[in-house]
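**Student:** Okay, structure incoming, though there's no sequence with it:
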C-alpha cells in the first residue's frame, strides 16, 4: 500500500500538472486555487453545453437511457454473451459462458491483469496488464486474444465521451495518459496529485471527470477538453476511495470508500461533498440497474451487496453471499437479471439474481480475479472500465 502523500507533496504535483501542456491547458489549470481550510479546491464553472463530438444523451434526465434491457448496438449483433475475468495473480483471463455459467476458455495475458475494458466503439476488449506494461486486445466476436500492445502502467482505462482518447490510468506512475483511442499512441501525459488514482466517471455533458485517489482519501476533477486538473477534494483523511459512478440524473457522483464502509455523494459541478451513505465494510464496486432505479454496491470486506434506491439516496436492502465472500468488480447482464462480480480473495465469480439477491452460481476461476467485464451490454458506446455505457 502506498502511503498518504504529505500536503506539500500533493500541491507540488498539482503545480507540475498545471504547468505542462499547451497554453490552453495552462490557462484552464491556472484557474484552480487551493483552499487549505476546506481541504478542497475551488473551480470555475463548467459550461452546460456538451463536450464537442460527444453523442447527445437520449434522455437529458437519464444518462443511462441507452442501457435498457436488450437495447444492444448493431455493432455487437452476434457477439456471444460472455464474462471475461482477469486473474491478477495468475496472469490469465478466464472466459465464462453466461448461459451455462461455466468457464469455456482460458488464456495467458501480461503480468497482473487488473481489468477487462470494452473499447469506445465496442469492437475490442482490452485486458490491462498493469505490471506487464501491456494491453492484451480481445476480439469479442470470438472471445480470443490478439497480439499485445506496449502501454505503460495500465492499471485501468477509460475513453473520453467524444471517442477521441483512451485515458490510461497509470496508478503507479501517478498519471492520466491521454492516448489515441485506436492506436494507443500517447497524445498527452497528465501528472496528477492523486496517490492511487484508480477509477473515474464523466459528467453528463462529458466536459469533466471525477477520479478517485485511493491512497489519498480524495477525488480529482479534470477538464476533459483541456486535459487539465481543475480541482481536488479530500473526502476523508485515511479513506480509500474506489469506484466512481454518476447518478442517472447527472446530479451526483457516488464514490465508494472501502475504509469508510459506504459511498460519498459529491456534486460534480460545485465539487462539494453532499454527504455519506453507509453500506458495508469494504465498499468497492458500483453498478446501476437496467431501469436506472438502483445502485448496486459491492461490500468486499463483508461479502455483501447493498442496493441503494437512487430516488431516495438510501439503502433499500442488502444481500449477503451465503458463507461470505469478497465481491469486487463486475457488471450487469444485458437483460438486467444477473449481477456478475469477481470474488477477489476467493478465486471465484459470483452470479447474483437482481430480483432477490439470491446466489445463482459460484464459479471457480484463477487467483485474484478483479475487474471482470460482462459483454456485450446495452449502450451506444463505452466509456471504459469494466463497462460504463451510454
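**Tutor:** That came in fine, so what should we check first? Values in this document were obtained by computation on a predicted structure and should not be read as measured data. Numbers count the residues shown, from 1 in each chain.
**Student:** Run through the helices of the protein in chain order.
**Tutor:** Per DSSP state H, the chain carries helices over the ranges 7-19, 23-30.
**Student:** The nearest residue to residue 290 once chain neighbours are set aside: neighbouring residues, count only.
**Tutor:** Excluding its sequence neighbours, the residue lying closest to residue 290 (Cβ to Cβ, 6 or more residues apart in numbering) is residue 336, at 3.1 Å. Just so you know, the C-beta spots here come from the backbone N, C-alpha and C atoms, and that holds for glycine as well. Residue 336 sits with 18 neighbouring residues when counted by other Cβ atoms under 10 Å.
**Student:** Just confirm residue 336 contacts residue 288, I think it does.
**Tutor:** No: the pair residue 336 and residue 288 fails to qualify as a contact (Cβ atoms under 8 Å) at a distance of 10.1 Å.
**Student:** Now for those two: what residues contact both?
**Tutor:** Between them, residue 336 and residue 288 share no neighbouring residue, with contact defined by Cβ atoms under 8 Å, 6 or more residues apart in numbering.
**Student:** what number of residues lie near the nearest residue to residue 95 once chain neighbours are set aside?
**Tutor:** Beyond its immediate neighbours in the sequence, the residue positioned closest to residue 95 (Cβ to Cβ, 6+ apart) is residue 105, lying 3.9 Å away. Neighbourhood size, residue 105 [other Cβ under 10 Å]: 15.
**Student:** Start the count at 47 instead of 1 going forward.
**Tutor:** In the new numbering, first residue 47, that becomes residue 151.
**Student:** quick one: contacts for residue 151?
**Tutor:** 140-141, 189-190.
**Student:** Between those residues, which sits nearest residue 279?
**Tutor:** Distance to residue 279, by Cβ to Cβ, is smallest for residue 140 among the contacts of residue 151, at 37.3 Å.
**Student:** I'd say the closest one and residue 414 touch.
**Tutor:** No: with contact defined as Cβ under 8 Å, residue 140 does not count as touching residue 414 (11.6 Å).
**Student:** Look up how far residue 292 lies from the residue nearest to residue 336.
**Tutor:** Relative to residue 292, residue 382 is positioned 18 Å away (criterion: Cβ to Cβ, to the nearest Å).
**Student:** residue boundaries of the strands in the stretch 47-196 of the chain?
**Tutor:** Counting by DSSP state E, counting those that start in this stretch, the stretch 47-196 of the chain has strands at residues 79-81, 86-88, 128-133, 138-143, 148-154, 159-164, 171-175, 180-185, 190-191, 195-196.
**Student:** Provide the partner residues of the closest residue to residue 235 other than its chain neighbours in its beta bridges.
**Tutor:** Closest residue to residue 235 in three dimensions, ignoring its sequence neighbours and counting by Cβ to Cβ, 6+ apart: residue 223, at 4.9 Å. In this entry, residue 223 is beta-bridged to residue 214, residue 235, by DSSP bridges.
**Student:** Fine, thanks again, bye for now.
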